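Whatever this is, show me its structure:
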Amino acid sequence: MVCPMLAQSPFHLSPVRLQHRRSVAGLLTLLVCPLSLVPLQACKRQGEETASASATDESSRPLSDLELPVSLRNRDNAPTDAHQLEATPEQLRVNGTKVIALQKGVVPPEELRDGVIPKLETQLRSQNHATLALRLAAIIPYETTALILNSAKQAGVRNAAFQVRETGNSTKTGWLYVENYVMSSRADDVPPIEAVSAKSWDAFTSRWKAITDACKSAASGNCAYADSNFAKGGTLKIELHTSGRGLNINFFRRGLTPAQEHQEEVKRTKELAKKKEQFLQGHMSHEEMVEYLLLGDPSTQALFQFRYVEALSSPSAMTGTMAPLCHQERCGVLVAADTISPMVRVVSLMGAAFPDGTLAPAYAFEMPWTKRPVPTGLPEWAARELEKNELLQGKLSAKK
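Next comes the predicted model:
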């Protein structure tokens, strides 16, 4: 016999209401069942089954639109010929079918193999679609999304479309579409993007001042100073990086072989030795030496950091920071983040850098479980820095 007062309502209950409902259910178990002459143990068992069913309903609940990430890019075409993937903190589903359980949005270790979710790859291979339509809870961590994208790539998927919500309190949804995405290891010098040619480092330095000026329009942030002491030559690596509450647009000089990097370090070491000798011989004043030392090595990177709130307003300073280099000519861009960074920040950064009406880049997504290479030229650099410190601290003096 079923205690009628304990029947579950068909509609979804929020966690607060669910807890209240369970409390009421427990009370009614004691009050109603004895009146029905049902053994107390039977009512207790039925109460446990009810709680178990409620937990199951909670884990399989559909994701609401208000739980989606927000983005200033939300008017891309809706995906066609697509797998429909949904990720809540509890489950990963494809076309409405559960694939694996998630632990607060994290993929359990037993569900992984070499950066791939085997069950997801198998599910995606069962149907031939070119695009993965992603409906993700905003709090899903970046590593989970990278694992999903890598698994989809292994299954032959070429494109990814993120369902997003407009910024503010709007419930209107749209899409941020990524065509022909690639996955990138942390060991990659530049991401393996073949859809566009990589720009040169010199292309960035020629626009550095304009980029810095745009960055400074942000209410708060850290903008890389545009000086004239920068390295020449090499390939440009553009990175959208999320860490904590900070959103970064980073530019790096890459494309040199280890031998070339070592050669540059040796050249700088020799230049320091030459300046040091000039100073010791009295051919260079103390002020000139200090100026040279404080100038430092030629710049090989420029980092522009913003607070998350900057990704929510239009026009955004992040849009202006990217515009001089990538809004008229298509760029290749790496998306990277800490493993636990929530996707709302990652997607919002992508949307602020390339909002509606701008040319979409070719994207690579970094696999955060891969290892970074050991930097080259560390011994030369460390020795040079120690020598500079000795000079700055006045341990060496010029001849009188």
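
Low-confidence stretches in the stretch 301-400 of the chain?
Low-confidence segments of the stretch 301-400 of the chain, defined by pLDDT under 70: 375-385, 387-388, 390-400.

Repeat the analysis, applying 80 as the threshold.
The model of the stretch 301-400 of the chain has pLDDT under 80 over residues 373-400.

ditto for the chain
1-60, 227, 257-269, 271-272, 275-276, 286, 288-297, 373-400.

how does it divide into domains?
The chain breaks down by automatic domain parsing into domains covering 4-58, 65-184, 201-385.

now those in a markdown table, with distance to residue 195 and mean neighbour count?
Glycine gets a C-beta too; all of them are placed from N, C-alpha and C. Conversion of these to a markdown table gives the following (distance: least, C-beta to C-beta, whole Å; neighbours: other C-beta atoms under 10 Å):
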| stretch | distance to residue 195 | mean neighbour count |
| --- | --- | --- |
| domain 4-58 | 41 | 13 |
| domain 65-184 | 5 | 18 |
| domain 201-385 | 4 | 18 |
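
Ok, which of the ones you listed comes nearest residue 193?
When these are ranked by distance to residue 193, counting by C-beta to C-beta, first place goes to domain 201-385 at 3.8 Å.

next one: that closest one to chain centre, how far?
Centroid displacement of domain 201-385 relative to its chain, using C-alpha atoms, centre = their mean, to the nearest Å, is 17 Å.

quick one: residue 339 is in a strand?
No. Judged by DSSP: H, G, I helix; E, B strand; the rest coil, residue 339 forms no part of a strand; its state is coil.

Excluding chain neighbours, give the residue nearest to it in space.
residue 143 (4.0 Å; C-beta to C-beta, 6 or more residues apart in numbering).

got the contact list for that neighbour?
106, 107, 339, 340, 368, 369 (C-beta atoms under 8 Å, 6 or more residues apart in numbering).

any idea how far the last one is from residue 144?
Right, the one you point to is residue 369. Computed as C-beta to C-beta, to the nearest Å, the residue 369 to residue 144 distance reads 11 Å.

and what of the fourth one?
Plainly put, residue 340 is 10 Å away from residue 144 if you go by C-beta to C-beta.

got it, and the first one?
Taking C-beta to C-beta as the criterion, residue 106 is separated from residue 144 by 6 Å.

How about residue 246?
To residue 144, residue 246 is 20 Å away according to C-beta to C-beta.

before we move on, what about residue 374?
The value you get for residue 374 to residue 144, if C-beta to C-beta is used, is 28 Å.

helix or strand for residue 240, which one?
strand 235-243 (DSSP states H and E).

could the contacts of residue 143 be laid out in TSV, adding distance to residue 225?
Listed next are the contacts of residue 143 as TSV, based on distance: C-beta to C-beta, whole Å:
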residue	distance to residue 225
106	39
107	41
339	31
340	31
368	29
369	34
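
wait, which of these is closest to residue 90?
Nearest to residue 90 among these: residue 106, at 11.0 Å, using C-beta to C-beta.

What residues are bridge-paired with the closest one?
residue 103 (DSSP bridges).

Check the contact between it and residue 142; I expect there is one.
No. Contact status for residue 106 versus residue 142: not in contact, 11.0 Å apart, counting by C-beta atoms under 8 Å.

can you give me the helices for the chain?
Taking DSSP state H as the test, the helices found in the chain are 15-35, 40-59, 118-125, 142-154, 201-205, 208-215, 258-280, 286-295, 317-326, 343-353, 378-392.

Once you drop chain neighbours, what's closest to residue 101?
Here the residue nearest residue 101, using C-beta to C-beta, 6+ apart, is residue 91, at 5.9 Å.

which residues touch the one you found?
59, 60, 98, 99, 100, 101, 102 are the contacts of residue 91 under C-beta under 8 Å, 6+ apart.

what about residue 263, distance to residue 257?
Taking C-beta to C-beta, one finds residue 263 at 9 Å from residue 257.

again, but for residue 322
For residue 322, the distance to residue 257 - C-beta to C-beta - is 29 Å.

Kindly report the same for residue 233.
Distance from residue 233 to residue 257, by C-beta to C-beta: 12 Å.

same thing with residue 104?
43 Å.

hang on, the earlier thing: which among the contacts of residue 143 gets closest to residue 166?
For the contacts of residue 143, the nearest to residue 166 is residue 340 (25.8 Å; C-beta to C-beta).

check contacts around the residue lying closest to that closest one once chain neighbours are set aside.
Spatial nearest neighbour of residue 340, chain neighbours left out: residue 141 (4.9 Å); criterion: C-beta to C-beta, 6+ apart. By C-beta under 8 Å, 6+ apart, the contact list for residue 141 reads 105, 106, 339, 340, 341, 342, 343.
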